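In: no FASTA, just this:
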């Protein structure tokens, strides 16, 4: 691992706290890929690290996907499946991974030009699905997820070399400001926050419920929030949020009667495929970090 | 206790769940009391059960009160004082009670016409301070407070006969939608939600950290939220929220770097003074529920 580490621009999981690292890569990657995003939206994504899409799904589609999620959640043996994550305190199903392989509907959605072409536009290349999941945040007892950058984990534990991935969260329920929706720090995607602490073996078994290693320091979060502020993703069911792999984001609790669920897809550039983890003894399982790099959706002509 | 209970309109802490009870009392009480609130604001308060006041404090006053809170919080022996409540998990100071007796500044604020006259207008009579406290919601680890009606507790545990009290929360920090500010259900103050479970002895020692008895059922909260929706109190430091004793309210967690603090004063009508508790073996201590009914602020001419 020493050879890899010496050329690693994004050292993390170190014993001592280190300074923020300025991002080297573009946010919107140059390339001849065409798609539904206009220049203004791409410029705003470049500056904030995220964008929203109104009405990505029609109300009828929302209902159909909600039925599909119910099917997945109540399926036989779903709780025994290693791809299912249950809420730490209440034992309710919190996430189910690799749904683009277990659900034909979600596989089609991932490949739909509405979705995949937006990802290809941002990443300037063909893309593949790095991770997929459906998330359920229960009403009354939803516990949220503390601040983190996905890239920090994907780099450290999955061996993703560069910040050239984009996530899309497609809301199947209304996101209000008060039911635990995602908070993001606009502009913070240009700073990499190194995190302290060594990655434990099989860290993912705990970290998907509640992360303890790979967590930004309070001083880093305070500085980033002071510089960039915080925005929340709100909007009706059917709207979507796309955000950069290095966006700083998190969510609070949900004590309201309004549960939340969404479909979550991560696209990585085919020019950014996984290598050995940068700060973990062994890579996480395929259902969390796919090593099938087959391009999805339209393939670029170039 | 049997005699009291038979004439009790607001039975609670019962073994089985009971239906919602329609409020009998007015929200804005008739009376010749004049004050700073105009008719439109009073009508809106009547219908929603709460109102906000912009710029109750100037920025200079906010700073002065924040210094006062720091003084109170860091005072010698504050953690050993029974009037200080510490956060369950982090052991940080969460609330300090009876501050209108321990802080001259806060005593003056409670009696200020800006504050006390608004309370007298709403309650249609002279008022006294039923409870006062300062609240600190820490950044990063603030845990919030689950849904409840204050009146349910004040009636059950303090012997407050009727819904004729009003609270004012004066913000000393900015309230964003995402740092654990108060959520309220506008209009729900007209329904009393009976709660199940017998009140344990010395319940307040636990309930002020995390309430387990006197908690509305999920079905009641779901019905109220469906009918009334949810609003959040947001606004800059120096703004204030006044809300009815039977408002259904709660707050989520605060994982942001933006801590929150406020001064919280409860005014009760001098015509609604405390009797024996309606659903507890003995009344709570005076520092939580004052039995000094001396009117505060301007005294009405009538």
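Out: That came through, no problem. Since this is a predicted model, take the numbers as computed values, not measurements.
In: Excluding covalently adjacent residues, which one is nearest to residue A:45?
Out: residue A:51 (4.4 Å; C-beta to C-beta, 6 or more residues apart in numbering or on different chains). For every residue, glycine as well, the C-beta is placed using N, CA and C.
In: The one you found pairs with what?
Out: Residue A:51 forms beta bridges with residue A:242, as assigned by DSSP bridges.
In: Quick one, grab the pLDDT at residue A:79.
Out: Per-residue confidence (pLDDT) for residue A:79: 86.
In: can you tell me which residues contact residue A:117?
Out: A:33-36, A:297-298 (C-beta atoms under 8 Å, 6 or more residues apart in numbering or on different chains).
In: should've said residue A:133
Out: A:95-99, A:263-264.
In: Quick check: it is in a strand.
Out: Yes - under DSSP: H, G, I helix; E, B strand; the rest coil, residue A:133 sits within a strand.
In: So what sits opposite it in the bridge?
Out: Under the criterion used (DSSP bridges), residue A:133 bridges to residue A:97, residue A:264.
In: Residue A:137 too?
Out: residue A:260.
In: what does the stretch 151-300 of chain A have sitting close to chain B?
Out: Contact residues, the stretch 151-300 of chain A versus chain B (C-beta under 8 Å from any C-beta of the partner chain): A:176-178, A:180, A:183, A:218, A:221-222, A:225-226, A:230, A:232, A:250-258.
In: Only the buried subset of those, as a PyMOL command please.
Out: The PyMOL selection below is limited to those of those classed as buried (16 or more other C-beta atoms under 10 Å in any protein chain shown):
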select buried, chain A and resi 176+177+178+180+183+221+222+225+230+232+250+251+252+253+254+255+256+257+258
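In: Can you flag which of the residues of the stretch 151-300 of chain A next to chain B belong to helices?
Out: Among these, the residues falling in helices (DSSP state H) are A:218, A:221-222, A:225-226.
In: List just the nearest of those residues to residue B:75.
Out: residue A:218 (25.2 Å; C-beta to C-beta).
In: excluding its backbone neighbours, what's nearest the closest one?
Out: Per C-beta to C-beta, 6+ apart, closest to residue A:218 is residue B:140, 5.8 Å.
In: next one: residue A:24
Out: residue A:9 (5.9 Å).
In: For residue A:55, give its distance to chain B.
Out: Computed as C-beta to the nearest C-beta, to the nearest Å, the residue A:55 to chain B distance reads 23 Å.
In: Not counting its neighbours along the chain, what's nearest whichever residue of the stretch 101-250 of chain A sits closest to chain B?
Out: Using C-beta to the nearest C-beta, the single residue of the stretch 101-250 of chain A nearest to chain B is residue A:177, 3.8 Å away. Nearest-residue entry for residue A:177: residue B:177, 3.8 Å, with adjacent residues in sequence omitted and distances by C-beta to C-beta, 6+ apart.
In: show me the contacts for residue A:55.
Out: A:238-239.
In: pLDDT score assigned to it?
Out: Reported pLDDT for residue A:55: 96.
In: so it, which of the three states?
Out: Once three-state DSSP is applied, residue A:55 turns out coil.
In: picking that back up, doesn't residue B:180 make contact with the residue of the stretch 101-250 of chain A closest to chain B?
Out: No - in this structure, residue A:177 is not within contact of residue B:180 by C-beta atoms under 8 Å, at 11.9 Å.
In: list the contacts for residue A:248?
Out: Contacts of residue A:248 (C-beta under 8 Å, 6+ apart): A:147-149, A:184-185, A:188-189, A:193, A:216, A:221, A:224.
In: Let me know the closest of the residues you listed to residue B:197.
Out: residue A:147 (36.1 Å).
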